[in-house]
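1. Provided below are the primary sequence and the corresponding predicted coordinates.
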Amino acid sequence: MTALAPLRGRRPFRLAAPPVSGVLRPRLVALCAALVAAVFLLFCWGVTLGDYPIGFTDVVKALTGAGDPGTVLVVRELRLPRALVGLLVGIAFGISGALYQTMTRNPLASPDMIGLTEGAGTAVVAGIVLGWDGGLGTQGLGLLGALVTALLVYALAWKGGATGYRIILVGIGVSWMCTSATDYLVARGERFEAQAALGWLVGNLNGRTWDQVTQLAVAMAVLVPLALGMGRRLRILQLGDDVAAGLGTPVQPVRLALLLLGVGLIAFGTAAAGPVAFVALAAPQIAQRMAGTAWPPLAASGLTGALVVLGSDLIAREAIPGTELPVGIVTGVIGAPVLLWLLIRANRAGSGG
Amino acid sequence: MATTDPAPTTAAPTATGPDLRARGLHLAYDNRLVVEDLDLVIPTGRITAIVGANACGKSTLLRALARLLAPREGVVELDGRALRSVPTRELAQQLGILPQTPVAPEGLTVIDLVSRGRSPHQTWWRQWSKADELAVHEALAATGMADLADRPVDELSGGQRQRAWIAMAVAQGTPVLLLDEPTTYLDLAHQIDVLDLVTDLNRRERRTVVMVLHDLNQACRYADHVIAMKAGRIAAEGPPDEVITAETVEDVFDLRCQVTTDPVSGTPLVIPMGRHHEAVPVAAE
């Protein structure tokens, strides 16, 4: 047997006792570690901000439950929900984007481009404006909206198998239909409801509650491990349906599972914070570039999503003194150039987007 | 630990691989019947070439043999079991397929691509066993790709790219290998290179190979068994020198030709005539 020279960026490991083996990518591991540290920093930084400034070390102390009881109370009750929703929504959007982009083999097919966030938005706004949610609550409505939109896109794009390109074209159309429906609802809604809907629609972390944190956290405790477990299947699917099937992947069931996981993540995230723009599109692409892999790595995409949302929220609160912008406006400003760059690159590569 | 790993499947040449055959096969896309009532036995441990005009159903047949397409009627059998009843994972350990012009994700390295060929042998906790490592290294060596292992597939030349994909199929370690036009878009030297490689895999490891080919002369030279298809049916099959005759070629391709002997391999050599050239050449002026 010929010995293979050790390869850059791949470090195989093989344990003796449990027969566990795999390939570690040092750059990816280092990236994830750096992202965790950076996310933690931004998280704590966000908690220091408010009417009553708290120092960084006091925040870290309060998070562990130590320190001045007054500070602990402010941190726990008033500031943690906002920071936690930002963290969780970022992770949910990042992973959801990575699932869709890999599954369709197209970076533009992220849930916020093909109408899933818009669909969830329409359902939630309908609930707010019409004042009736059928007993589903915001979470349930968001999930229903995203699910219906996903199935609609998939059904319309289906022609003996749904290709990435068709999903994008159909998705953009469906996305605009949802946006129009939302606009109509806001326009005919009562002033107060319309105002509430608009505030939510931009993507907002202001005034989050523990209820929202808990619902989102429970959903993600189920969905995130499942999504991470699909990573291997996802990378095989990236080779195309025929190759994946030849390598023993049940293509349609796997695709359906990925579709539902992505819908769940995007819907619960949207229900908690509104459709925060561009995070699902940009985070996986940024993570992939930083990791130097040929696919958006799931965990790193989630962490990058959290970094983008928490960082944007900081900018949103600090950029203009005395004014607080919704986080979605900042992610939009950051995300739009990423979208342009993807479009230009896709065009140059001749892959048709 | 090496003892807990399954034995490497690549390096184990077996005299008798699994038996692949089809009975009463009807294949269709939507409502268009492409293959009609076809019976077929693939010779085990041999190279079979499927030839025929465009749209005669040869790729469709190959897809059905790999279970990428469910038959409308009839059955494909692997060792006497209907293909549809074989568990997905087990099928992928027995039978590998390389579709026509597959596309690798941008930036994917050769070693990552070839490693993915091992997925039917892996579980979520065992993703790089000793057997996986051995099979991947052997596949890279057999295809001459070891030196290019950490290069991105999309930066390689067409011939190297095709060899990388074949390496992936080789690493899968299946006794049966189905190749859909493995020489498409390659220049002549690379075509011969790929076909020589396929011959190596067959001779060294006794793998059964079924490939769709366009070039009749290459089919004659490299295949032990030729299946000529016309309009969804088998027009002729057997050893190349029995199948590839002027009559068969005229029948299957609607092309007048002369068949002589390939001076290099001794197999039939098809010389097409067309409208502007006659069988008896005009004496040189």
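-> Alright, I've got the coordinates.
2. Now for residue 209: which residues touch it?
-> By default, I'm working from chain A. Counting by CB atoms under 8 Å, 6 or more residues apart in numbering or on different chains, A:T209 touches A:P81. The way it works is simple: take the backbone N, C-alpha and C, and place the C-beta from them, glycine included.
3. you looked at the wrong chain, it should be chain B
-> Applying CB under 8 Å, 6+ apart, the residues near B:V209 are B:R46, B:I47, B:T48, B:V176, B:L177, B:L178, B:L179, B:V198, B:L201, B:N202.
4. Ok, B:R67 next?
-> A:A245, B:V76, B:L83, B:R84, B:V86, B:L91.
5. got TSV for these, with pLDDT too?
-> Listed next are those as TSV, based on pLDDT from 0 to 100:
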residue	pLDDT
A:A245	94
B:V76	97
B:L83	94
B:R84	92
B:V86	95
B:L91	96
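6. Make a PyMOL selection of the buried ones in the residues you listed.
-> Per 16 or more other CB atoms under 10 Å in any protein chain shown, the buried members of the contacts of B:R67 correspond to this PyMOL selection:
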select buried, (chain A and resi 245) or (chain B and resi 76+83+86+91)
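7. and the contacts of B:R67, which of them are in strands?
-> Mapping these onto strands (DSSP state E) picks out B:V76.
8. how about the contacts of B:R67, which pair is most distant?
-> Between any two of these, the greatest separation by CB to CB is 14.4 Å, found for A:A245 and B:V76.
9. Among the contacts of B:R67, which ones are in helices?
-> Per DSSP state H, helices hold the following members of the contacts of B:R67: A:A245, B:L91.
10. and of the contacts of B:R67, the nearest to B:L156?
-> The shortest approach to B:L156 among the contacts of B:R67 belongs to A:A245, at 24.5 Å (CB to CB).
11. Surely A:L261 touches A:L99?
-> Yes - if you go by CB atoms under 8 Å, A:L261 and A:L99 touch, sitting 6.2 Å apart.
12. What is the lowest-pLDDT residue among the contacts of B:V209?
-> Within the set of the contacts of B:V209, pLDDT is lowest for B:L201 (90).
13. any idea how far that residue is from chain A?
-> 16 Å (CB to the nearest CB, to the nearest Å).
14. Let me see the contact set for that residue.
-> B:L201 neighbours (CB under 8 Å, 6+ apart): B:A142, B:V170, B:L177, B:R207, B:V209.
15. The host helix or strand of it: which residues count as buried?
-> Element membership for B:L201 (DSSP states H and E) is helix B:188-205. Using 16+ other CB under 10 Å as the test for burial, helix B:188-205 gives B:H190, B:Q191, B:D193, B:V194, B:L195, B:L197, B:V198, B:L201, B:N202, B:E205.
16. Stretch B:157-171 now?
-> Judged by neighbour count using 16+ other CB under 10 Å, the buried positions of stretch B:157-171 are B:159-171.
17. And the residue of chain A closest to chain B?
-> Distance from chain B to each residue of chain A (CB to the nearest CB) is smallest for A:G248, at 2.9 Å.
18. That residue contacts B:L91, doesn't it?
-> Yes - A:G248 lies in contact with B:L91 (CB under 8 Å); the separation is 6.8 Å.
19. quick revisit: chain A: which of the buried residues of helix B:188-205 is nearest?
-> Set against chain A, the nearest of the buried residues of helix B:188-205 by CB to the nearest CB is B:E205 (14.5 Å).
20. Look up how far B:V170 lies from the closest one.
-> According to CB to CB, to the nearest Å, B:E205 stands 9 Å off from B:V170.
21. before we move on, back to that, right, and out of the contacts of B:L201, which lies closest to A:L151?
-> Out of the contacts of B:L201, the member with the shortest distance to A:L151 (by CB to CB) is B:L177, at 38.3 Å.
22. For the closest one, which three-state class applies?
-> Assigned by DSSP: H, G, I helix; E, B strand; the rest coil, the conformation of B:L177 is strand.
23. what number of residues lie near it?
-> Using other CB atoms under 10 Å in any protein chain shown, B:L177 has 26 other residues around it.
24. How about A:E77?
-> By other CB under 10 Å, neighbour count at A:E77 equals 11.
25. what's near enough to touch it?
-> If you count contacts by CB under 8 Å, 6+ apart, then A:E77 has A:W210 around it.
26. Repeat the analysis, applying 10 Å as the threshold.
-> Neighbouring residues of A:E77 by CB atoms under 10 Å, 6 or more residues apart in numbering or on different chains: A:T209, A:W210.
27. For it, give its distance to B:G74.
-> Relative to B:G74, and taking CB to CB, A:E77 is found at 69 Å.
28. Then B:V51?
-> 22 Å.
29. Which one of the two is surrounded by more residues?
-> Remark: of B:V51 and B:G74, B:V51 carries more neighbours, 29 against 17, as counted by other CB under 10 Å.
30. strands paired with the helix or strand that one falls within, and their directions?
-> Using DSSP H and E, B:V51 falls within strand B:47-52. Here strand B:47-52 has these sheet partners by DSSP bridges: strand B:208-212 (parallel), strand B:225-230 (parallel).
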